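J.: sequence isn't available, so here's the structure alone:
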């Protein structure tokens, strides 16, 4: 029991975290034109060990936004108390960018296994970047494979109870499922929280 308690304490994070704002631009890889209406999800995922050697999964923050006519998105910075004392590492934040019909983009920091915590101040590597996405309208199989990244993010948010913070991406993914059946089912993709979202999809 003492060894287990020590493990939990060793995995504790900061009592608070500060995140820099994120401003970036999403453009078409083919012609450099801005992509308007791309959905951007950023989540700061906390992880902590338990006494039975398992892991907990919570979110410090979850923010959803969309790109404007210039392809720009902005996510404000913040300082938040970390009530769970769990660690914030690569998901500090993890950013996923989803525009139906295009490749999935985004990014996160990467820390070597066993490396010490980077501290309480976090910043996304996407800040100030021009992020390219490519049209996949002619390659449905690849498009569906890439959508698994969005589906995985929603599963993480489902586990932590934060799906209500990303209504745009749930709706868009649910509509893509309706549009692409039965190819979708071959890829065994799921859309947590899709039931109500799909009801409002365009049936045309």
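T.: Right, received. Where do you want to start? Values in this document were obtained by computation on a predicted structure and should not be read as measured data.
J.: quick one: the helices in the chain?
T.: With DSSP state H as the criterion, the chain has helices at 2-10, 140-159, 167-180, 183-186, 194-199.
J.: state the mean pLDDT of the third one.
T.: Averaged across helix 167-180, the pLDDT comes to 89.
J.: give the other helices and strands that it contacts.
T.: Packed against helix 167-180 by the contact rule (3 or more Cβ pairs under 8 Å, 6 or more residues apart in numbering; DSSP states H and E) you find strand 39-49, strand 55-66, strand 94-98, helix 140-159, helix 194-199. No exception for glycine: its C-beta is placed from N, CA and C like everyone else's.
J.: can I get the ones you listed in JSON lines with mean neighbour count, distance to residue 20 and mean pLDDT?
T.: Below are the helices and strands packed on helix 167-180 laid out as JSON lines (neighbours: other Cβ atoms under 10 Å; distance: least, Cβ to Cβ, whole Å; pLDDT from 0 to 100):
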{"stretch": "strand 39-49", "mean neighbour count": "22", "distance to residue 20": "12", "mean pLDDT": "90"}
{"stretch": "strand 55-66", "mean neighbour count": "17", "distance to residue 20": "13", "mean pLDDT": "89"}
{"stretch": "strand 94-98", "mean neighbour count": "23", "distance to residue 20": "13", "mean pLDDT": "97"}
{"stretch": "helix 140-159", "mean neighbour count": "17", "distance to residue 20": "21", "mean pLDDT": "89"}
{"stretch": "helix 194-199", "mean neighbour count": "14", "distance to residue 20": "31", "mean pLDDT": "48"}
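J.: would TSV of the ones you listed with distance to residue 79 be doable?
T.: Listed next are the helices and strands packed on helix 167-180 as TSV, based on distance: least, Cβ to Cβ, whole Å:
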stretch	distance to residue 79
strand 39-49	12
strand 55-66	11
strand 94-98	19
helix 140-159	22
helix 194-199	32
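J.: of these, which is nearest residue 32?
T.: strand 94-98 (16.3 Å; Cβ to Cβ).
J.: can you list the strands that the closest one pairs with?
T.: strand 39-49 (antiparallel), strand 105-107 (antiparallel) (DSSP bridges).
J.: and these: which comes nearest residue 179?
T.: Once those are compared by Cβ to Cβ, strand 39-49 is nearest, at 16.1 Å.
J.: quick one: that closest one to chain centroid distance?
T.: 7 Å (Cα atoms, centre = their mean, to the nearest Å).
J.: tilt between that strand and helix 167-180?
T.: 110 degrees (axes from the mean of the first three to the mean of the last three Cα atoms, to 10 degrees).
J.: thought residue 168 was touching residue 67?
T.: No - shown here, residue 168 and residue 67 do not form a contact pair, counting by Cβ atoms under 8 Å, at 11.5 Å.
J.: re earlier: want to try TSV for the strands paired with strand 94-98, with distance to residue 75 as columns?
T.: Converted to TSV, the strands paired with strand 94-98 look like this (distance: least, Cβ to Cβ, whole Å):
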stretch	distance to residue 75
strand 39-49	5
strand 105-107	12
